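**Q** Give me a model of this one.
(2 chains)
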Amino acid sequence: MANSMPGESPRTEETESVLTGEGQPTTTEPVAEKRIEGRSPWLLAWQRLRRDKVAMISLGVIVLVILGAVFAPLATTITGHPVNEQYRQAGLSPDGLPIGPNSTFWLGTDDLGRDIFVRIAYGARISLLVGVVATALTVVIGVIVGLAAGFLGGIVDTILARLVDVILSVPFLLVAVALVSITGPSLLVTILVIGFFSWASVARIVRGQVLSLREREFVEAARSLGATNSRIMFVDILPNVLAPVIVYASLLIPVVIVVEATLSFLGLGLPPPTADWGGMISESQNYYTVAWWFVVFPGAALLITTLAFNLFGDGVRDAFDPRSDRMFAG
Amino acid sequence: MLRFLVRRLALGVLVMWLITVAVFALFFIAPNNVARTLAGRQATPDVVALISHRLGLDQPVWKQYLDFVGKAVRGDLGFDYYHGVPVTDLIAGALPITLSVVIPGAIIWLVLGVFNGVVSAIRPRSFVDRGMTAFALFFYSMPTFLLGLLLLYFLYFRLTLAGSAVFPAGGYAPFTGGLYDWFIHMVLPWFTLALVSAATYTRLTRASMLDVLGEDYVRTARSKGVGERRVVLRHALRAALTPIVTQFGIDVGSLLGGVVVTETVFSLPGLGKTAIDAINQQDLPVIIGIVLFASAAVVVANIVVDAFYAVLDPRVRLH
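**A** Below you'll find the model as predicted:
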């Protein structure tokens, strides 16, 4: 993923661009009477992304899921069913089994007579929150480590590289499950565990980019102007590695959502009665022979969300780096 | 080549050592009192102290660590807290089951992934290519546990309901109890494990094949009149396989993660299920033993992959 090719002007702070002479069209003087409209790589990427039908449809689905999560209480208002309310009479069959989709319970009920539709809406909150926050944490740690390892080099690089090796050698899910069982499940623990085990790949990508960037003239120029290491790292180099990081992050969100659901499925997600997709699917395990809706609807919600994020992430990758092979939309 | 291997092995030992430190720190310093839990609610402080002493938990941390590593190096991972069974025995008992899931599962995923990738690359943007893409995307986005449950629902429950009980609901039938019985118990777990991962390999193979098929030597082979089948399989595929080997080395760790889920869904008492059960009972020696064993497996697998890769592509040895 060599995104910053020679010749492609690195996006630095405007002042640096002027100083290094690697300025973008916006900072150059208009040559002729007609002013040249400057378009940043970000704008170009967005314009490519906007033309990508699959990505835009996926974005639409993602927006719908977000709206569903934000307005989850509305599902309660419409149906009149609070998220954790157990309808032992109306929501369970005479044998005490879940009842299928009907006009009162649109997507049926679960084993405790709770409304699956309302719970799916609330469950979206958990999936999205963990997906976004844990991905952000992963990216922040990965970028800092990758910048430090790539830019400072030497002993720092060696130590951090071994650390990355260790993290990548640990069977993630096993250790994650063990850790959560020790600390007790909570939203914060889930996010921290996912972030802790995922940053290594981001660090690798960033380090690779930084290794080539630190030899470029604009870094030399900044140094000769007396910029400190941290200023060069975060002000000059960081903006240039953001594109591959954003691409990676957009494809990481669905992975994180699946990991969160998997932890819940293994009984280490948020403690009941929290509505959460993985937990719902886990609860449905003993009922799938009598209540298909119990597994199918939460499963579909999870699958549609990860599909949308994957397709969108694929579009983002294509938009930032049109030469790369796309993962999916061939 | 020898120097490369030695360096790679030394690195593997270093990584393993760091993992023991990390695992020990995480699990032994963790704020939960195992002795207290084991002693039960009614226990007097004396009993708790006695249990602590027996488990060596009253020793200083560094001493516990040295003791733990010293034994681990000699292949002694301690005893499980509840039944006093050696952890190595538990691992030895669970390993064949995990291998029954993992090895054929990995073969299915590689064959399926590479085959679909090659078929896609031969006619890019064709109907077949797009079909494979949709297939790959669908399974790539599918959580393993959901796929397992869906396979159980349709291929066990629905099929049994329809009068043809082909697949069992789960559980393990030992290899020695008849090949067919073992096979039929394993098919659904294999595909649960394989389908999710095959998708990545389909796309990787497709990209890699497209690159290689554009190379000069492939054109040369074609212009010499070599048959298309031979060009694709002999000339192109071999060169296209290197990134796939690399990816496979990276994925061995996630493979073990997938096993945890697959074994849980299909009630297979392999390493993953044993670990989850141990975790639910806070049986530390078992958890640590399995985590260490699995990490060692990943480290060894990575060394094997690197060595294999160095054979395929001599440039790697220089790094």
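**Q** Could you check how far the closest residue to A:R317 other than its chain neighbours is from B:V61?
**A** Nearest residue to A:R317 in three dimensions, chain neighbours excluded: A:V247, at 4.6 Å (CB to CB, 6 or more residues apart in numbering or on different chains). C-beta coordinates here come from the backbone N, C-alpha and C atoms, glycine included. Going from A:V247 to B:V61 by CB to CB, to the nearest Å gives 43 Å.
**Q** Would you mark the buried spots in the helix or strand where the residue nearest to A:R317 lies?
**A** Here A:V247 is covered by helix A:238-265, with elements defined by DSSP states H and E. Neighbour counts over helix A:238-265 (16 or more other CB atoms under 10 Å in any protein chain shown) mark A:238, A:240-265 as buried.
**Q** What is the neighbour count of residue 224?
**A** I went with chain A, as the question did not name one. Using other CB atoms under 10 Å in any protein chain shown, the number of residues around A:S224 comes to 9.
**Q** wait, chain B
**A** Using other CB under 10 Å: B:K224 sits among 8 other residues.
**Q** cool, and B:Q281?
**A** For B:Q281, the tally of surrounding residues (other CB under 10 Å) stands at 14.
**Q** again, but for A:P185
**A** For A:P185, the count of nearby residues is 18 (other CB under 10 Å).
**Q** Touching, it and A:P271? I think so.
**A** Yes - under the contact definition of CB atoms under 8 Å, A:P185 touches A:P271, with a separation of 5.8 Å.
**Q** mind checking the SS state of B:T160?
**A** Here B:T160 is recorded as helix under DSSP: H, G, I helix; E, B strand; the rest coil.
**Q** list the contacts for it?
**A** Taking CB atoms under 8 Å, 6 or more residues apart in numbering or on different chains as the contact definition, B:T160 lies against B:F167.
**Q** 10 Å instead?
**A** A:289, B:166-169 (CB atoms under 10 Å, 6 or more residues apart in numbering or on different chains).
**Q** Spit out the contact partners of B:L195.
**A** B:105, B:108-109, B:112-113, B:135-136, B:138-140, B:142, B:144, B:147, B:151.
**Q** and it, that one's in a strand?
**A** No - with three-state DSSP as the criterion, B:L195 is located in helix rather than a strand.
**Q** What is the burial count for the residue of the stretch 1-150 of chain A found nearest chain B?
**A** Distance from chain B to each residue of the stretch 1-150 of chain A (CB to the nearest CB) is smallest for A:V54, at 10.1 Å. Burial measure for A:V54: 15 neighbouring residues, criterion other CB under 10 Å.
**Q** surely it meets A:A319?
**A** No - taking CB atoms under 10 Å as the definition, A:V54 is not a contact partner of A:A319, at 11.8 Å.
**Q** Briefly note if stretch B:65-77 comes near chain A.
**A** No - contact check for stretch B:65-77 against chain A, using CB under 10 Å from any CB of the partner chain: none in range, with a minimum separation of 14.9 Å.
**Q** and that stretch, which residues are buried?
**A** Under the neighbour-count criterion of 16+ other CB under 10 Å, stretch B:65-77 has B:65, B:68, B:72, B:77 buried.
**Q** swap in stretch A:206-221?
**A** Neighbour-count burial for stretch A:206-221 flags A:206-210, A:213-214, A:216, A:218-219, A:221 (criterion: 16+ other CB under 10 Å).
**Q** before we move on, what about stretch A:130-148?
**A** Taking 16+ other CB under 10 Å as the basis for neighbour counts, the residues of stretch A:130-148 that come out buried are A:130-139, A:141-148.
**Q** Could you give the separation of it from the chain centroid?
**A** Going by CA atoms, centre = their mean, to the nearest Å, the spacing between the C-alpha centre of stretch A:130-148 and its chain's C-alpha centre is 10 Å.
**Q** does it come close to chain B?
**A** No - when contact is scored as CB under 10 Å from any CB, no part of stretch A:130-148 falls within range of chain B; the minimum is 12.9 Å.
**Q** which residues touch stretch B:207-221?
**A** For stretch B:207-221, the surrounding residues in contact (CB under 10 Å, 6+ apart) are A:324-327, A:330, B:114, B:117-122, B:124, B:201, B:222, B:226-228, B:230-232, B:234-244, B:247.
**Q** on that earlier part again, by contact count, what packs against the helix or strand encompassing the residue of the stretch 1-150 of chain A closest to chain B?
**A** When secondary structure is defined by DSSP H and E, A:V54 falls within helix A:53-70. The criterion is 3 or more CB pairs under 10 Å, 6 or more residues apart in numbering or on different chains; DSSP states H and E, and the helices and strands that helix A:53-70 contacts are helix A:41-51, helix A:72-79, helix A:116-152, helix A:292-320.
**Q** right, and these - which one's nearest B:R8?
**A** helix A:116-152 (20.3 Å; CB to CB).
**Q** need the contact list for B:L152.
**A** Going by CB under 10 Å, 6+ apart, B:L152 touches A:285, A:288-289, A:295, B:158, B:167-170, B:188, B:192, B:265-266.
**Q** Can you tell me which of these is nearest B:L5?
**A** When the contacts of B:L152 are compared for distance to B:L5, the smallest value, 35.3 Å, is given by B:T192; criterion: CB to CB.
**Q** circling back to that earlier point, need the residues touching each of A:P185 and A:P271.
**A** Shared contacts of A:P185 and A:P271, counting by CB under 10 Å, 6+ apart, come down to A:G279.
**Q** near chain B, which residues of the stretch 1-150 of chain A show up?
**A** Listed as neighbours of chain B in the stretch 1-150 of chain A under the rule CB under 10 Å from any CB: no residues.
**Q** Run through the stretch 1-150 of chain A and note the low-pLDDT ranges.
**A** Along the stretch 1-150 of chain A, the model assigns pLDDT under 70 to residues A:1-34.
**Q** Let me know whether A:A134 touches A:A176 as I believe.
**A** No - distance between A:A134 and A:A176: 11.4 Å, which falls outside the contact criterion (CB under 10 Å).
**Q** anything in contact with each of those two?
**A** Overlap between the neighbourhoods of A:A134 and A:A176 consists of A:190, A:193-194, A:196-197, A:259, taking contacts as CB under 10 Å, 6+ apart.
**Q** Please work out which residue of chain A is closest to chain B.
**A** Sorted by distance to chain B under CB to the nearest CB, the residues of chain A start with A:L173, at 3.3 Å.
**Q** Could I get the contacting residues of that residue?
**A** Applying CB under 10 Å, 6+ apart, one finds that A:L173 lies in contact with A:197, A:259, A:262-263, A:266, B:144, B:253-254, B:256-261, B:272, B:275-276, B:294.
**Q** ok, now B:I303?
**A** When contacts are taken as CB under 10 Å, 6+ apart, B:I303 is in contact with B:5, B:8-9, B:11-12, B:15, B:249.
**Q** Could you do A:L263 as well?
**A** By CB under 10 Å, 6+ apart, the residues touching A:L263 are A:130, A:173, A:176-177, A:180, A:185, A:189-190, A:193-194, A:269-270, A:276, A:278-279.
**Q** any chance you could map the helices in the stretch 151-300 of chain A?
**A** Residue ranges of the helices in the stretch 151-300 of chain A, as given by DSSP state H, counting those that start in this stretch, are A:154-169, A:172-183, A:187-213, A:217-224, A:229-231, A:238-265, A:277-284, A:292-320.
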